[in-house]
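Novice: just a sequence and a predicted model for now, questions to come.
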Amino acid sequence: MTNAVTAGRLAGTPTAPTPQQAASTWPRMAALGAALVLLGAGALTWSGTGPRVLLVALGLIALVRGAAALRGARDGRVERSAGLLGAGTAWLGLVVAALVLLWAPAAGWVFVAGAVLVLPAIAAALPARRTALLAAGAVVVAGAVALGVLGGTDALLGTARTVVAAAVVLLGLANLAGAAGMARIARRPAPAPAAGCGGCACGAGGCGSLR
């Protein structure tokens, strides 16, 4: 007999986290959210070094997350496509961090590339909204070209830095909000077993395995 969690996964619908899962997840979400808010705010207010610190940190985060996805694919915990995406993310993060550390002027153009490519990257991960995201990405590219032509290189680099840093701050706030929600779930009592279920057969494939 298929349990509810397995059925939800087979149907492609997300399942709510258990209190145990939420308890192990919310501290990481909170730490990441706080770090992103601080890094984004630093890039907005500390014009000399803040933007480079932000890009190096984002590169290292991408490297760690990509490597974790690649290990998960090798262990069979995630799909192979996720592992390939993780490998690409890890290499990109390493290149960005190294480039910004070794050549300071590259930071501005990395911000431009990030602002222009973020929507197409999201579109690749969300096929259901691909058309709208690609259209929005085309508008961003056209706006970047117009800004560079009319306002010059400095205006383009400064605007890209502001847009990316503000997006990082918003992402950090979203992580903090998600962590608060996970913390609430973690405080809930564990659900009681269904009536007539002693819990002994669940590990053996469900109650139907005894029949």
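Specialist: Yes, it's here.

Novice: got the contact list for residue 148?
Specialist: 155-156 (CB atoms under 8 Å, 6 or more residues apart in numbering). Quick note: C-beta positions are derived from backbone N, CA and C, even for glycine.

Novice: may I see the buried residues of the helix or strand where it lies?
Specialist: Secondary structure assignment for residue 148, by DSSP states H and E: helix 130-151. Using 16 or more other CB atoms under 10 Å as the test for burial, helix 130-151 gives 133, 137, 140, 144, 147-148.

Novice: likewise for stretch 62-79?
Specialist: In stretch 62-79, counting by 16+ other CB under 10 Å, buried: 62-63, 66-67, 69-70, 73, 78.

Novice: pull the CA atoms of that stretch into PDB?
Specialist: Written as PDB, here are the backbone C-alpha positions of stretch 62-79 (Å, rounded to 0.1, in the frame of the first residue of the first chain):
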ATOM      1  CA  ALA A  62      26.900  28.500  -5.600                       C
ATOM      2  CA  LEU A  63      30.000  26.300  -5.400                       C
ATOM      3  CA  VAL A  64      28.900  24.700  -2.100                       C
ATOM      4  CA  ARG A  65      25.300  24.200  -3.300                       C
ATOM      5  CA  GLY A  66      26.300  22.900  -6.700                       C
ATOM      6  CA  ALA A  67      28.800  20.400  -5.100                       C
ATOM      7  CA  ALA A  68      26.000  19.200  -2.800                       C
ATOM      8  CA  ALA A  69      23.700  18.600  -5.700                       C
ATOM      9  CA  LEU A  70      26.400  16.800  -7.600                       C
ATOM     10  CA  ARG A  71      27.000  14.500  -4.600                       C
ATOM     11  CA  GLY A  72      23.300  13.900  -4.300                       C
ATOM     12  CA  ALA A  73      23.100  12.800  -7.900                       C
ATOM     13  CA  ARG A  74      26.000  10.400  -7.400                       C
ATOM     14  CA  ASP A  75      24.300   8.900  -4.300                       C
ATOM     15  CA  GLY A  76      21.000   8.600  -6.100                       C
ATOM     16  CA  ARG A  77      19.200  11.100  -3.900                       C
ATOM     17  CA  VAL A  78      18.400  13.500  -6.700                       C
ATOM     18  CA  GLU A  79      17.900  13.200 -10.400                       C
END
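
Novice: mind checking the pLDDT average for it?
Specialist: What stretch 62-79 shows for mean pLDDT is 82.

Novice: show me the longest helix that occurs in this structure.
Specialist: Using DSSP state H to define each element, the chain has its longest helix at helix 153-186.

Novice: low-confidence regions, this protein specifically.
Specialist: 1-15, 190-211 (pLDDT under 70).

Novice: which parts of it are helices?
Specialist: Under DSSP H, the chain gives helices at 4-11, 19-45, 50-75, 80-102, 106-125, 130-151, 153-186.

Novice: give me the neighbour count for the residue nearest to residue 74 when sequence neighbours are not counted.
Specialist: Leaving aside its chain neighbours, residue 74 sits nearest to residue 83 (6.8 Å; criterion: CB to CB, 6 or more residues apart in numbering). Around residue 83 sit 20 other residues, with neighbours defined as other CB atoms under 10 Å.

Novice: so residue 83 touches residue 70, yeah?
Specialist: Yes - using CB atoms under 8 Å, residue 83 is in contact with residue 70, at 5.1 Å.
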